[in-house]
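1. fold the following and give me the result.
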Amino acid sequence: MIALTGIGSLAALDTLVVSTALSTIRVDLGASIEELEWTVNAYNLSFAVLLITAAPLVLARMVESRGPDTGLDMRGLALVTCGALGIVWGLVRGNSAGWGSLEVTGSLLAGALLTAAFVAWERRAREPMLPLALFRSRAFSASNAAMFFTFASLGVSMAIPAAQSSAVGSVAIDAIGKAAGTSSMMRELGGVFGIAVVVAVFAGAGGYASATAFVDGFGPAIGAGAALALAGAACALGLPGRRRAGVVLATPVPALEGESQ
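-> Reported below is the predicted structural model:
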């Protein structure tokens with residue numbers, strides 16, 4: 001677990017370093033807006049779809065884990081990877097290739113169909129990487145939606161710890177690993193889609209050609225980010241309130257192994 005936490009921290013640090021260097025990359029290497037997007041998104045997209053498989057992988061390798069599912073859902077991993085890639089590809093290429101072009105419409109449609117196929121497969125997979133039953137919990141669904149839109153707005157708010165805690169605290173103990181993986185995946189995917197959407201708005205309304213063009217694109221881009229943040233706040237309203245003090249859980253949490261010895 002410490003190793004996985006360290007990898008997550010390094011990923012966040014790496015993204016921060018790359019984002020800081022984007023202006024230098026653009027000037028020194030002559031990178032276009034689309035190429036700068038992929039500099040960040042290619043890394044985050046790969047990391048996002050692999051996060052959700054970390055739970056069963058850890059369960060398979062760590063003897064102290066007690067989760068029931070230890071298999072790797074490779075078909076689900078392939079479907080969600082290709083689906084997310086298709087949607088992001090269409091959003092990134094929209095301004096340069098044309099929103100009505102075969103490339104863009106085809107990639108967006110393929111991404112949507114593959115995402116739907118992923119959901120259909122997870123419904124019948126023996127050991128799904130994303131158990132859809134988790135979304136029956138209002139706390140789990142609302143917290144993950146809030147996580148997605150908050151990161152899509154290209155910002156990290158004080159609500160993130162509460163949302164993540166709500167996601168993992170709303171499921172059974174043996175599902176915490178997959179719930180945490182889902183929450184982390186939604187966070188990363190939110191960042192990927194947020195970058196794609198905001199940059200598409202920026203490039204469509206302005207660009208880097210001049211200071212005037214930059215300002216023309218910057219205003220609508222900030223507006224798009226604000227709209228995503230507002231969507232995240234709206235989703236957060238669906239989070240359940242705190243339990244009142246003194247309320248006893250109907251199902252007691254089993255003691256850890258060794259405590260009874």
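
2. count of neighbours near Phe135?
-> Using other C-beta atoms under 10 Å, Phe135 has 13 neighbouring residues. Placement of C-beta: from N, CA and C, glycine included.

3. now it, nearest residue through space, not along the chain?
-> Spatial nearest neighbour of Phe135, chain neighbours left out: Ser141 (4.9 Å); criterion: C-beta to C-beta, 6 or more residues apart in numbering.

4. list the buried ones in the host helix or strand of that neighbour?
-> Using DSSP states H and E, Ser141 sits within helix 138-152. Using 16 or more other C-beta atoms under 10 Å as the test for burial, helix 138-152 gives 139-152.

5. for stretch 29-41, same thing?
-> Neighbour-count burial for stretch 29-41 flags Ala31, Ile33, Glu34, Leu36, Glu37, Trp38, Thr39, Val40, Asn41 (criterion: 16+ other C-beta under 10 Å).

6. filter the residues you listed down to the ones in helices?
-> Using DSSP state H, the members of the buried residues of stretch 29-41 that fall in helices are Ile33, Glu34, Leu36, Glu37, Trp38, Thr39, Val40, Asn41.

7. can you lay out these as TSV showing pLDDT and distance to Ala133?
-> As requested, these are arranged in TSV below (pLDDT from 0 to 100; distance: C-beta to C-beta, whole Å):
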residue	pLDDT	distance to Ala133
Ile33	77	41
Glu34	75	39
Leu36	76	40
Glu37	74	35
Trp38	74	35
Thr39	74	37
Val40	71	33
Asn41	70	30
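
8. just these now: which is nearest Phe193?
-> Of all these, Phe193 sits closest to Asn41, with 9.0 Å by C-beta to C-beta.

9. surely the closest one and Val192 touch.
-> Yes: with contact defined as C-beta atoms under 8 Å, Asn41 counts as touching Val192 (5.1 Å).

10. list residues touching both of those two?
-> When contacts are counted by C-beta atoms under 8 Å, 6 or more residues apart in numbering, the set common to Asn41 and Val192 consists of Val88.

11. low-scoring stretches of this structure, by residue?
-> Scanning the chain for pLDDT under 70 picks out 1-20, 43-44, 46-71, 154-164, 241-261.

12. compute the inter-axis angle for the strand or helix carrying Ile176 and helix 138-152.
-> Of the helices and strands defined by DSSP H and E, Ile176 is found in helix 176-205. Put simply, helix 176-205 runs at 40 degrees to helix 138-152, going by axes from the mean of the first three to the mean of the last three C-alpha atoms, to 10 degrees.

13. residue contacts, Ser122?
-> Not quite, residue 122 is Glu, not Ser. Per C-beta under 8 Å, 6+ apart, neighbours of Glu122: Asp73, Gly76, Pro128, Met129, Leu130, Pro131, Leu132.

14. now the closest residue to Val119 other than its chain neighbours: how far from Leu77?
-> The spatially closest residue to Val119, leaving aside those adjacent along the chain, is Leu132, at 7.1 Å (C-beta to C-beta, 6+ apart). Per C-beta to C-beta, to the nearest Å, Leu132 is found 16 Å from Leu77.
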